[in-house]
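# Predicted model and sequence follow; I will ask about them next.
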Amino acid sequence: MADTHVLFVEDDDVIREATQLALERDGFVVTAMPDGLAGLEAFRANRPDIALLDVMVPGLDGVSLCRRIRDESTVPVIMLSARADSIDVVLGLEAGADDYVTKPFDGAVLVARIRAVLRRFGHASGPDDRAGAGAADGDGLAEAVLRFGDLEVDTEGMEVRKGGETVALTPTEMRLLLEFSTAPNTVLSRDRLLERVWDYGWGGDTRVVDVHVQRLRGKIGQDRIETVRGFGYKLRG
């Protein structure tokens, strides 16, 4: 992690400086900016490995900054919000953020979340080789391309096509689709998805799952992923 570059956008001087020091002690290289416009310039100049964006920064708010970053890159984004129940959290996730952390936060918790996000981005198919976990053929070999109607999931090339057209997914969306596609017609609970896709070893906010499912539906078809009320979601095979 010594070479991992973090872009941190936070307008509170105390929080920004204290968090920067804590991250640097853990071996991260940190570029800290006080507002959204400066953050966007720093992102374009430095191309960090991950971005931490406070929701309520001046100039260009965190949600808008996240959207601008997502227009240009699939770099992981974690939103920072002072209220867990804030609509800004949902707006941030809808804008393309991969996770969020509520302020005030413990430095160790923030580092753990950063590393969890980086692990799944560094291994898009997952550390347990989910990419090779497709249905086996008669020779016992996993199928590289899984097909669900007009949807094709290439688990080796990490590509998705719908009706022959390539579908652009973020690494988090790809991992979510892989989780569904290796268990079609099986109901997957939100807790399971949090553990398998977001690498949470503890209870997390299921809104993260819900918003990502919504984003994924918008790309592969609204009716492809079914909601099973009270239980979770399943991919229609």
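Done, it's in. Residues are numbered from 1 along each chain as shown.
# Nearest to the middle of this protein, which residue? Look it up for me.
Taking CA atoms, centre = their mean, the centroid of the chain lies closest to residue 98, which sits 2.8 Å from it.
# got the residue ranges for the helices in this protein?
13-25, 36-46, 62-72, 87-94, 107-122, 171-181, 190-197, 207-220 (DSSP state H).
# Take the ones you listed and write them to TSV, including mean neighbour count and mean pLDDT.
C-betas here are computed from N, CA, C, even on glycine. Listed next are the helices of the chain as TSV, based on neighbours: other CB atoms under 10 Å; pLDDT from 0 to 100:
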stretch	mean neighbour count	mean pLDDT
helix 13-25	15	95
helix 36-46	17	97
helix 62-72	20	95
helix 87-94	20	85
helix 107-122	17	86
helix 171-181	24	93
helix 190-197	18	91
helix 207-220	19	94
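# Touching, the residue nearest to the centre of the chain and residue 172? I think so.
Yes - between residue 98 and residue 172 there is a contact at 4.7 Å, judged by CB atoms under 8 Å.
# any shared contact partners between those two?
Shared contacts of residue 98 and residue 172, defined by CB atoms under 8 Å, 6 or more residues apart in numbering, are found at residue 76.
# Excluding covalently adjacent residues, which one is nearest to residue 216?
Excluding its sequence neighbours, the residue lying closest to residue 216 (CB to CB, 6 or more residues apart in numbering) is residue 173, at 5.3 Å.
# tell me the contacts of residue 101?
Applying CB under 8 Å, 6+ apart, one finds that residue 101 lies in contact with 78-81, 109-110, 113.
# quick check: domain ranges of the chain?
Taking the TED database as the criterion, the chain consists of the domains 5-123, 145-235.
# list the contacts for the residue nearest to residue 60 when sequence neighbours are not counted?
In space, and not counting its chain neighbours, residue 60 is closest to residue 36: 2.9 Å by CB to CB, 6+ apart. Contact partners of residue 36, counting by CB under 8 Å, 6+ apart, are 9, 53, 57-62, 64-65.
# Tell me how far residue 36 lies from residue 67.
For residue 36, the distance to residue 67 equals 11 Å [CB to CB, to the nearest Å].
# Please apply the same query to residue 13.
26 Å.
# wait, doesn't residue 196 sit right on residue 179?
Yes - using CB under 8 Å, residue 196 makes contact with residue 179 at a distance of 5.5 Å.
# between the helices of the chain, which one is nearest to residue 234?
Ranking the helices of the chain by proximity to residue 234 (CB to CB) places helix 171-181 first, at 7.4 Å.
# Other residues contacting the closest one?
Under the contact criterion CB under 8 Å, 6+ apart, helix 171-181 has outside partners 74, 76, 98, 120-121, 124-126, 130-131, 134, 146, 148, 153, 155, 158, 160, 169, 188, 193, 196-198, 212-213, 215-216, 219-220, 225, 233-235.
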